[in-house]
Structures are given as C-alpha cells and as structure tokens.
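Asker: could you look at this predicted model? Sequence included:
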Amino acid sequence: MPRRRSRIGEEMSGFFGGERSGPRPKLCPACRTLVGASATRCHQCGASLTFSLAAASRSLERLIPTTSPATYAILTLSCLLYGLSLLWTIRLGELQGLGGGFFGLMGLGAIDGNVAQQLGASSRLATNLHEPWRFVMAIFLHGSLMHIIFNMWVLMDIGPTIEEMYGSARYVFIYVVAGIGGYALSSFFGRFSVGGSGALVGLIGVLLAVTMGRQTAAMQMLRGQLIRWLIYIAVWGLLFSGIDNWAHLGGLATGFALGKMMIDRPPATGEERSRAYVLGWAAGCAVAASLVVVAVRVLRGGG
C-alpha cells in the first residue's frame, strides 16, 4: 500500500504540474533530428538548440500563413507602403486625378514624386550608393494603384511556385537580390523609379534558368510561356512611357544568374537548411534595416 500510494502521489503531482519525470528529448529546429534533452547543439547538423536562425524562423512561421508565407509577407509590406504613400500624397493635396472629375487609368492613385523620394525611391547611382537603402526600399514602393495591382497580381501568380521550389528563406533572398540587381542597373542610367517589377522579372529569370538545358515536354512548354511573358513585358515597356526597362533587364539578369547558382529544390539537409536560413535572414534584415532608416529620416524631417 505505501508503494501504491507513492505512485499515485507521483501521478497526481505530474497531473497538477509537478515534475513527473526528467526533461524530454527535443527536435532540432534546423534538421528536425531528435536530440537529447540536455544537448545544446544538434549532433546531426551542428545547429544551436538555444538560439539559431532556424529556431527563430520556426517561431516566425507560427505567425504567418503556412502556404507561401514569404509571398504573402511581400504582398502585405508592398500594400502597406503603398497605403502609407497614398495617404501622405493626399495629405499634401497633390493626388493626381482628384478634383477634376476624371481619373486616368494609370494616374489613378498616383503617388507624389517627393513622397516616393522620401520613402526610398531609386535614383541616380551616386545617390543610391550614398543612401543604399534605396536599392531595397524601391522594390516595395509603387507609383499608382494600377502599378501595384498589376505587380501584386504577377507576384501571386508566380511567387508561390518559386517559394515552393526553393523554400521560403531562399525565395526571400532571390526576390530582394533580384530587385537590387534591377535597381543597380536602372540607377546606373539615372532612372528615378519604384516598383517590384524588377524583382518579379527576376523570378521569371530564375524559372528560365531552371528550364534551360532540360528537354522534357513540360520544361519546353514552361520555357515557351516564360519567353512569351518576357516578350509581352518588353513590348509593354517600349509602348508606354514611365516603365523602367533597365530595372526589368537588371532583375532578369540577376534572377537568371541566381537560378543557375542555386539548386532548384527546397533545402534537403541540415547544412542546406542552415545556409538557406542565413540567406533569408540576411535579406530580411536588409529590408528591416532599410525600413528603420527611412522611418527615422522621415520622423526627423531629413528625407
């Protein structure tokens, strides 16, 4: 009886939160390998179990959609920045189309140039090199309602495909770096520009790189569709003014190069996942730092 009473006491103690047994084994946040309860590093991939980019990424994933989370994050940030720039333009009283009784299709919801400049529009190369956050901020800014609607439609059309192919972390890296590559070339030619189209054409460049050299019917069909997309974009850029063709070309070249360098599948090993998290967090930190710099400059009136 005493032994039974002791066992019941242990069970009740565990039920009400007392310590029932020793610490349990846990999963590595990077490679999902089962490790010992007292381990501080994963024996399989070497990732830290107390703090690592993988652990931080796992925590962040709980706060965002499980399907195409990075694509939705890009969509959300772009829309928030457009809304902010639109409200700022309205406050300045210079919103194109209001008060005249007629809204031009491309001018509807147009953003004042001074507002875009202060929020981080890409400018001349010398300006961008002096203020490098412009290479990043310009990717998420847009010039009008039709501009952001078209770009976000393309993003939601092809973004999830790239994200599923490369994983969310590497997808963020590809999007940001392709956008930076686009504005690096654009600023070299002195263009004042905003928009995510350079990064989006970069995603097309990634897919084009993946299909090159592959002769299956599916790959040939996809390659043909991509080439038609690029032809449409080029014709659109030639027919309409205000389109930054240099940003498109720079984004395409950067995306194509990334597509040739990266393996076109999600990270499969702990080491690959660790490298992917480094790339994703580097791109995310670049975006966050750019947002902070712009916010500080705007609040101080130094834009």
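Answerer: Done, it's in. Numbers count the residues shown, from 1 in each chain.

Asker: G109 belongs to a helix?
Answerer: No - membership of G109 in a helix is not supported by DSSP: H, G, I helix; E, B strand; the rest coil, which gives coil.

Asker: so what's the residue count around it?
Answerer: 23 (other C-beta atoms under 10 Å). Just so you know, the C-beta spots here come from the backbone N, C-alpha and C atoms, and that holds for glycine as well.

Asker: which residues touch T161?
Answerer: Contacts for T161 (C-beta atoms under 8 Å, 6 or more residues apart in numbering) come out as L207.

Asker: could you check the pLDDT of it?
Answerer: Per-residue confidence (pLDDT) for T161: 89.

Asker: so how far is C79 from it?
Answerer: 21 Å (C-beta to C-beta, to the nearest Å).

Asker: element containing the spatially most central residue of the chain, please.
Answerer: Centre of the chain computed as the mean C-alpha position; nearest residue by C-alpha atoms, centre = their mean is V172, 3.7 Å away. V172 is part of helix 168-188 when elements are defined by DSSP states H and E.

Asker: buried set for that helix?
Answerer: Neighbour-count burial for helix 168-188, with 16 or more other C-beta atoms under 10 Å as criterion, is recorded at 168-187.

Asker: now stretch 243-257
Answerer: In stretch 243-257, counting by 16+ other C-beta under 10 Å, buried: 243-257.

Asker: one more: stretch 142-156?
Answerer: Residues of stretch 142-156 classed as buried: H142, G143, S144, L145, M146, H147, I148, F150, N151, M152, V154, L155 (neighbour count, 16+ other C-beta under 10 Å).

Asker: can I get these in CSV with secondary structure, distance to A286 and pLDDT?
Answerer: Formatted as CSV, the buried residues of stretch 142-156 follow (DSSP: H, G, I helix; E, B strand; the rest coil; distance: C-beta to C-beta, whole Å; pLDDT from 0 to 100):
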residue, secondary structure, distance to A286, pLDDT
H142, coil, 19, 95
G143, coil, 22, 91
S144, coil, 26, 90
L145, helix, 27, 92
M146, helix, 28, 90
H147, helix, 23, 91
I148, helix, 21, 95
F150, helix, 25, 91
N151, helix, 20, 94
M152, helix, 21, 95
V154, helix, 22, 91
L155, helix, 19, 94
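
Asker: helices or strands next to the longest helix belonging to the chain in the packing?
Answerer: Secondary structure of the chain read by DSSP state H shows that its longest helix is helix 270-300. Using 3 or more C-beta pairs under 8 Å, 6 or more residues apart in numbering; DSSP states H and E as the contact criterion, the elements in contact with helix 270-300 are helix 53-61, helix 113-119, helix 133-140, helix 168-188.

Asker: quick one, which of those is nearest to L238?
Answerer: With C-beta to C-beta, the closest approach to L238 among the helices and strands packed on helix 270-300 belongs to helix 168-188: 16.1 Å.

Asker: what residues sit buried inside the helix or strand just after the closest one?
Answerer: Downstream of helix 168-188, the next assigned helix or strand under DSSP H and E is helix 197-211. Neighbour counts over helix 197-211 (16+ other C-beta under 10 Å) mark 197-211 as buried.

Asker: can you show me the CA trace of helix 197-211 as CSV?
Answerer: Coordinates of the C-alpha atoms in helix 197-211 are reproduced here as CSV (Å, rounded to 0.1, in the frame of the first residue of the first chain):
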residue,chain,number,x,y,z
SER,A,197,8.7,44.6,-61.4
GLY,A,198,12.5,44.2,-61.5
ALA,A,199,12.3,41.6,-58.7
LEU,A,200,9.3,39.9,-60.4
VAL,A,201,11.1,39.7,-63.8
GLY,A,202,14.0,38.3,-61.7
LEU,A,203,11.6,35.5,-60.7
ILE,A,204,10.9,34.8,-64.3
GLY,A,205,14.7,34.8,-64.9
VAL,A,206,15.0,32.1,-62.2
LEU,A,207,12.4,29.9,-63.9
LEU,A,208,14.0,30.5,-67.3
ALA,A,209,17.4,29.3,-65.8
VAL,A,210,15.8,26.2,-64.4
THR,A,211,14.3,25.2,-67.8
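
Asker: good, we can wrap up now.
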